[in-house]
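Enquirer: sharing a model that was predicted from the sequence below.
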Amino acid sequence: MKQLEVLVITKNKEVPRIMNWKVSAADTVEKAIERLQLQPFKVVAILSSADEIDKKKLKQIASVLYDTMMVSEYDDDTNLSERVKAAYWSKKWPIRQNSYLDNAFDLELAYRLN
């Protein structure tokens with residue numbers, strides 16, 4: 001199975017782990033942008049406590065480089081995995097977020113047949 005790749009911008013020296021994902025880390029936004037120019041990632045995760053200017057810069061450059069890449073914010077390493085997966089699946093299947101089952105037509109048809 002091919003692993004999905006995520007780039008995590010973190011101050012921690014230890015690279016976080018996410019099941020079934022190949023995780024790369026960068027300690028600054030500038031280094032992350034350099035990595036993005038060399039290699040595409042499915043998701044880029046940045047700390048929500050990072051500077052707003054850095055977050056905007058990262059989002060703008062990521063959208064220019066790759067239109068399918070998601071930039072996600074996370075609070076700490078405990079919710080990193082959830083945020084990365086949610087960002088990926090929201091881009092992969094955006095219709096599933098808003099889909100619902102409407103069986104009013106089926107009910108009306110069944111009512112008329114009886």
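Expert: Arrived safely, thanks for sending. None of these values were measured; they are calculated from a predicted model.
Enquirer: so which strand or helix has Arg112?
Expert: Counting by DSSP states H and E, the element that carries Arg112 is helix 104-113.
Enquirer: for the most centrally placed residue in the chain, what are its contacts?
Expert: Nearest to the mean C-alpha position of the chain, by Cα atoms, centre = their mean, lies Ala87 at 2.8 Å. Applying Cβ atoms under 8 Å, 6 or more residues apart in numbering, we find Ala87 in contact with 43, 45, 70-72. From N, CA and C alone the C-beta is placed, and that goes for glycine too.
Enquirer: ok so it is a helix residue?
Expert: Yes: counting by DSSP: H, G, I helix; E, B strand; the rest coil, Ala87 is located in a helix.
Enquirer: pLDDT at it, what is it?
Expert: In the prediction, the pLDDT value recorded for Ala87 is 83.
Enquirer: distance-wise, check it relative to Leu113.
Expert: To Leu113, Ala87 is 45 Å away according to Cβ to Cβ, to the nearest Å.
Enquirer: cool, and Leu4?
Expert: Distance check for Leu4 against Leu113: by Cβ to Cβ, it reads 47 Å.
Enquirer: so those two - more neighbours on which side?
Expert: Neighbour tally, Leu4 and Leu113, criterion other Cβ atoms under 10 Å: the higher count belongs to Leu4, 17 against 6.
Enquirer: name whatever forms a beta bridge with the more buried one.
Expert: Counting by DSSP bridges, Leu4 is bridged to Trp21.
Enquirer: now do Leu47
Expert: Bridge pairing for Leu47 - DSSP bridges - gives Tyr74.
Enquirer: narrow the contacts of Ala87 to those in strands?
Expert: Using DSSP state E, the members of the contacts of Ala87 that fall in strands are 43, 45, 70-72.
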